[in-house]
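Q: Provided below for reference: sequence and predicted model.
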Amino acid sequence: MVEIEKQGTPTVLIVSGRFEHDAKASARAFAMPEVRYVVVPWIYRNLDRGRTIQQTEAAFDELAWELTADLGGSSESVKLVPTEVEQFEGADYLDALQIMNREFLNRDWGDGFPLMPATVAEVEKMLRGTNLPPGHIVCDLPPGYGLATVEKIAINSVMAGASPQQMPVIIGALKALSQMEPEWVKSLLTSTSSHASMLLVNGPIAKELDINGKAACMGPGQQNRTNLSIGRAYTLCLKNIGHWYPGQLDMDVLGTVRKFTVCIAENEDDSPWEPYHVEHGFTSGDSVVTVLSTSGEIDVADQGNNTAEGLLKTIAYNCIFSQWDLIRPGRDDKGSAWDTIVLVTPDIARHVKEAGLTKQDAKEFIHELAEYSLGRMIHYYPIKGKILPPEWRWMQEKSEQELHDILMPVRENADHYRLICVGADRAKPIVIPSRPACPESVCVDQYRAT
Amino acid sequence: MEILQVLNPVALQRGVIDAKSVNKRPTTLEGAKVGLLWSGTAMGDVALRRIEEMLQQRFPTAETRFYHGGLPASAEALKQAAAESDVIIGATAD
């Protein structure tokens, strides 16, 4: 609605109760804090027709008023101000630190775990990890479009327990996120679904910083100290710079532990394939961070296949337990824009290589076998009476049983599979349904300290 | 007593710096072209259709038009709705 107001036409939006804070936060993020809305108690999407009509009728007078009442508001411009200092007084240092932690959590400035104090001295040390000056704006960080200055990134990185050497990766990850297609990044960060970012690091910096891409690289533990602090810094930056707070711009129904952002390296040592970043146009000497979008995690366990064909079939059959987006009512998009990420263990990748297959061959093989009942795939999105894109309208002529009997690939084509070699030997890959956020990669060498 | 001083981690938002006001409203909906913008999500259309009926009853000279914006709405759809309407009512169904 803000976009329409910007074109000169007055608007009012119907907002369901739980989304009022989000509506306010979104209006602020999109530079129109006074945008008008009317709140109704229930979320429409799964409401029956009677209640839908009832709550709409009750809102009608207010809607008409919001469209005709001139409140004469005006927005004044705000000037940039220096970073404020927060002061906490305690019986001793530990007491003051605990008070700081309690207060920061009350303001939702943390992730629930203890935060390190971002003192001037610690932030100065962190700033030495990059060649960029403190006032440099890396990006306007979604979803709230806060100004991601190097100083603010450093403050949040100190709070996360990151080291100065990790700054180039943290900066690169935020830059990559900001370069994603705006509508899809909005979906990744603000949707009611439990979507989350995942950071993939390739190239020399992964080894320099000891970013784990081998055994147990996605869990807790000393082997992942770098992975965890980079992921945590990214999360805190999203919150405090991107204004990504639950109930305001982060509208998850359930949430997910993946929002303690997972950061991994590709296991380039044990992979027989060209690394992910080389596949996407970088050189092997470049250090690159990629932001991927995740919508879940399916643990796959192959218990005895020892051929490329057998192992890839196991992956393909597990890829059907993804989410689908074959149709987009009201839009002209064709097919599904969704991706599937597969974290392939080195032993599987070696079998594929030894069978004379390339990574692209493996994607084609998986795509061919990962097909499922169309009726079951589209069940979540009732199509009766909906306007569908032309290529899907034939479905409305079919019975439920006929639709159930049609097998279709779960992804539009083989390029919607992203195979990344990660983990230790033992054919237990992970399949990750991925949102169409168009993963973005950034070379982080440009941010290294000189 | 010990005093701990730390730097504030929260960034200023671009939208706060560049904030704009909403547009001036018409004084009545009589004679107005009212756009009804649906995101394509379930039951949002039912709500907007009911509003359309009520508008026609309460403001007989108002002219209504229904738009499929999609989710996300395309720039073209928003531009068309804005150009053809005096005011717009939107529903995302969330």
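A: Everything's here; your move.
Q: ok now do A:Gly17, which residues does it touch?
A: A:Gly17 makes contact with A:Val39, A:Val40, A:Pro41, A:Trp42, A:Ile43, according to CB atoms under 8 Å, 6 or more residues apart in numbering or on different chains. Every residue, glycine included, has its C-beta placed from N, CA and C.
Q: Tell me where the longest helix sits in chain B.
A: Longest helix in chain B by number of residues (criterion: DSSP state H): helix B:44-58.
Q: send the alpha carbons of that one over as CSV?
A: These are the backbone C-alpha positions of helix B:44-58, laid out as CSV (Å, rounded to 0.1, in the frame of the first residue of the first chain):
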residue,chain,number,x,y,z
GLY,B,44,-9.2,-11.8,1.1
ASP,B,45,-11.3,-11.7,-2.1
VAL,B,46,-14.4,-12.6,-0.1
ALA,B,47,-13.7,-9.7,2.3
LEU,B,48,-13.2,-7.3,-0.5
ARG,B,49,-16.3,-8.4,-2.4
ARG,B,50,-18.3,-7.8,0.7
ILE,B,51,-16.8,-4.3,1.1
GLU,B,52,-17.7,-3.7,-2.6
GLU,B,53,-21.4,-4.6,-1.9
MET,B,54,-21.4,-2.3,1.2
LEU,B,55,-19.8,0.6,-0.7
GLN,B,56,-22.5,0.3,-3.4
GLN,B,57,-25.2,0.4,-0.7
ARG,B,58,-23.8,3.2,1.3
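Q: Need the contact partners of it.
A: By CB under 8 Å, 6+ apart, helix B:44-58 touches A:14, A:44-45, A:49, A:52-53, A:56-57, A:60, A:63-64, B:29, B:34, B:36-38, B:62, B:64, B:66, B:89, B:91-93.
Q: What mean pLDDT does it get?
A: Taken as a whole, helix B:44-58 carries a mean pLDDT of 94.
Q: neighbouring strands for the helix or strand just after that helix, and are they parallel or not?
A: Next helix or strand after helix B:44-58 toward the C-terminus (DSSP states H and E): strand B:63-68. When sheet partners are counted by DSSP bridges, strand B:63-68 sits next to strand B:33-38 (parallel).
Q: Give me the buried positions along the strand it pairs with.
A: The neighbour-count check on strand B:33-38 (16 or more other CB atoms under 10 Å in any protein chain shown) flags B:Val34, B:Gly35, B:Leu36, B:Leu37, B:Trp38 as buried.
Q: buried stuff in the longest helix of chain B?
A: So, applying 16+ other CB under 10 Å, buried residues of helix B:44-58: B:Gly44, B:Asp45, B:Val46, B:Ala47, B:Leu48, B:Arg49, B:Arg50, B:Ile51, B:Glu52, B:Met54, B:Leu55.
Q: got the angle between it and strand B:63-68?
A: Per axes from the mean of the first three to the mean of the last three CA atoms, to 10 degrees, the angle that helix B:44-58 makes with strand B:63-68 is 180 degrees.
Q: Off-centre distance for helix B:44-58?
A: Relative to the chain's own centre, helix B:44-58 is displaced by 15 Å; criterion: CA atoms, centre = their mean, to the nearest Å.
Q: Likewise for stretch A:59-76?
A: For stretch A:59-76 - counting by CA atoms, centre = their mean - the centre lies 35 Å from the chain centre.
Q: Kindly report the same for stretch A:149-165.
A: With CA atoms, centre = their mean, you get 20 Å for stretch A:149-165.
Q: again, but for stretch A:442-450
A: For stretch A:442-450, the distance to the chain centre is 23 Å (CA atoms, centre = their mean).
Q: same check, this time on stretch A:4-13
A: The answer for stretch A:4-13 is 29 Å, by CA atoms, centre = their mean.
Q: Report how far apart the opening and closing residues of that stretch are.
A: 11 Å (CA to CA, to the nearest Å).
Q: any idea of the mean pLDDT in that stretch?
A: Per-residue scores along stretch A:4-13 average to 91.
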